[in-house]
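A.B. asks: Prediction below, plus the sequence it came from.
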Amino acid sequence: MIEADFRAVMRRFPTGVTIVTTMLEGKPKGFTANAFSSVSTEPPTVLVCVNRQARTHPLISAAGRFCVNVLRLEQQALAERFASKAIEDPFADVDMRFATTGSPVLGGTLAYLDCELAEEHSAGTHTIFLGTVIACGVSDGAPLGYFNAGYRDFGCTIP
Ligand SMILES: Cc1cc2nc3c(=O)[nH]c(=O)nc-3n(C[C@H](O)[C@H](O)[C@H](O)COP(=O)(O)O)c2cc1C
């Protein structure tokens, strides 16, 4: 089965973990994502691949903006919370502010990229959202990693 082999390969590719947020009609929304990549520096462009079943999917399309929040090692509980369909409001008690586009920037993250939605491309079950980076920021610390279907400590840090 090519699908099983494909999954086995992708489990061997280590990634960071992000929470992609957006804001529509005064309501914040977000979900945990690791299908995230840099695309271009001029202009600064990133992509996120979002399942069309995700409740956040139509909101990013409609809002025309999103923010990629790169999680710190200590934020695994936040990643779990934003990956759960069972939690009514994952933003409850979460420290956040609003970026230039109005998308939520979560507190305590390692970095963020505030993006205007530039393009959407359909691919299989997912949509590739391309975003032009309008604002971004960093802080120091260790990243939350993901490898072989589990959260990991990659043992590295930006001091
Ligand atoms: C580590 C991790 C990475 C994930 N990456 C993605 C991703 O890149 N794209 C995606 O569509 N779903 C991804 N998911 C699944 C979503 O987080 C999950 O389906 C979530 O419930 C969607 O929330 P929503 O329906 O409220 O938008 C990931 C889940 C985990 C745990």
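C.D. replies: Sure, I can see it.
A.B. asks: where's residue 21 relative to residue 8, distance?
C.D. replies: 31 Å (CB to CB, to the nearest Å). C-betas here are computed from N, CA, C, even on glycine.
A.B. asks: So the two - more neighbours on which side?
C.D. replies: Per other CB atoms under 10 Å, whichever of residue 21 and residue 8 has more neighbours is residue 21, with 30 against 10.
A.B. asks: strands paired with the helix or strand encompassing that one, and their directions?
C.D. replies: Element membership for residue 21 (DSSP states H and E) is strand 18-24. Sheet pairing of strand 18-24 (DSSP bridges) gives strand 27-33 (antiparallel), strand 65-70 (antiparallel).
A.B. asks: Mean pLDDT, distance to residue 55 and mean neighbour count added to those, as a markdown table?
C.D. replies: What follows is the strands paired with strand 18-24, written out as a markdown table (pLDDT from 0 to 100; distance: least, CB to CB, whole Å; neighbours: other CB atoms under 10 Å):
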| stretch | mean pLDDT | distance to residue 55 | mean neighbour count |
| --- | --- | --- | --- |
| strand 27-33 | 98 | 7 | 21 |
| strand 65-70 | 98 | 14 | 26 |
